[in-house]
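In: Below is the sequence, then the predicted model.
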Amino acid sequence: MQDRDLLEAVAARKDRAAFAELCRRYSSRFVNYFRVRSAKPEDVEELVQEVMLTVWMKAESYDPRVAAVSTWMFTIARNKAIDRFRKFARPEVEDNDPAYLPGSALAPDAAISLQRQVDDLRDAIAVLPADQAGVIRASYFEGRSMPEIAEQSHIPVGTVKSRMRLAMEALRRRLRSEEDERAS
């Protein structure tokens, strides 16, 4: 029986004998494939099992017009290897890593200065035209992209960009003049 027939039997009837034959034919190939790609020895067997489980679960998605069975299965293997690498390539975080410990509170004068800047910005946004203030709030406070703002507002992206540019210019002018007033 050819690989394609076996995979089709798995897809159509969840044929265990056909699946067992695919496992027999491909397991050792996958072991070699993962070893050559520097998979940790303790991960190789688990990766092979993940590939074969995916073959079992996704057999009906195989399209013989797109690729040979072996190509399809090795694509699954490649993706599993990449997923494993990404999962374990993240650095270990130590509990006492200074980068993750809370910083000290701001000095009182810095806290007052920061609060003043926040108040100035809030006041500056409040006097903007509503359409400009809306795009500023949506972008900076709600984290939406310009295309998202355009879609939700039912306006072209170019209009969002224009409103954003006008709003930023107005905010810069107003905040700069407030700084100049304080300095004098």
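Out: Now that the structure is in, tell me what you want to look at.

In: residue ranges of the helices in the chain, please?
Out: Using DSSP state H, the helices of the chain run over residues 3-13, 16-36, 41-58, 69-88, 108-126, 130-136, 146-153, 157-183.

In: by how many degrees do the first one and helix 69-88 diverge?
Out: Translated: helix 3-13. 70 degrees (axes from the mean of the first three to the mean of the last three Cα atoms, to 10 degrees).

In: The chain should start at 878 in everything you say after this.
Out: Renumbered: residue one is now 878, and that last one reads helix 880-890.

In: Now tabulate the helices of the chain in a markdown table and tack on mean pLDDT and mean neighbour count.
Out: (Glycine included, C-beta is placed from N, CA and C.) Output for these, formatted as a markdown table (pLDDT from 0 to 100; neighbours: other Cβ atoms under 10 Å):
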| stretch | mean pLDDT | mean neighbour count |
| --- | --- | --- |
| helix 880-890 | 93 | 17 |
| helix 893-913 | 91 | 16 |
| helix 918-935 | 90 | 16 |
| helix 946-965 | 87 | 15 |
| helix 985-1003 | 87 | 12 |
| helix 1007-1013 | 93 | 17 |
| helix 1023-1030 | 92 | 15 |
| helix 1034-1060 | 89 | 14 |
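
In: wait, what's in contact with the spatially most central residue of the chain?
Out: In the chain, the C-alpha nearest the mean C-alpha coordinate belongs to Arg963, at 12.3 Å (Cα atoms, centre = their mean). Residues counted as contacts of Arg963 (Cβ atoms under 8 Å, 6 or more residues apart in numbering): none.

In: Distance of it relative to Val932?
Out: 21 Å (Cβ to Cβ, to the nearest Å).

In: Met1023 too?
Out: 42 Å.

In: Leu1052 now?
Out: 60 Å.

In: Over to His1031?
Out: 46 Å.

In: now do Phe965
Out: 23 Å.

In: same question, Asn909
Out: Taking Cβ to Cβ, one finds Asn909 at 17 Å from Val932.

In: Over to Phe962?
Out: From Phe962 to Val932 the distance is 20 Å (Cβ to Cβ).

In: Make sure Asp880 is actually in contact with Arg901.
Out: No: between Asp880 and Arg901 there is no contact under Cβ atoms under 8 Å: 11.5 Å.

In: Overlap in contacts, these two.
Out: Common neighbours of Asp880 and Arg901 (Cβ under 8 Å, 6+ apart) do not exist.

In: tell me the pLDDT at Ala936?
Out: On pLDDT, Ala936 comes in at 93.

In: so how many other residues sit close to it?
Out: Other residues lying near Ala936 total 22 when counted by other Cβ atoms under 10 Å.

In: which residues touch it?
Out: 884-885, 887-888.

In: so which of those residues comes closest to Arg955?
Out: Ranked by distance to Arg955 (Cβ to Cβ), those are led by Leu884 at 17.7 Å.
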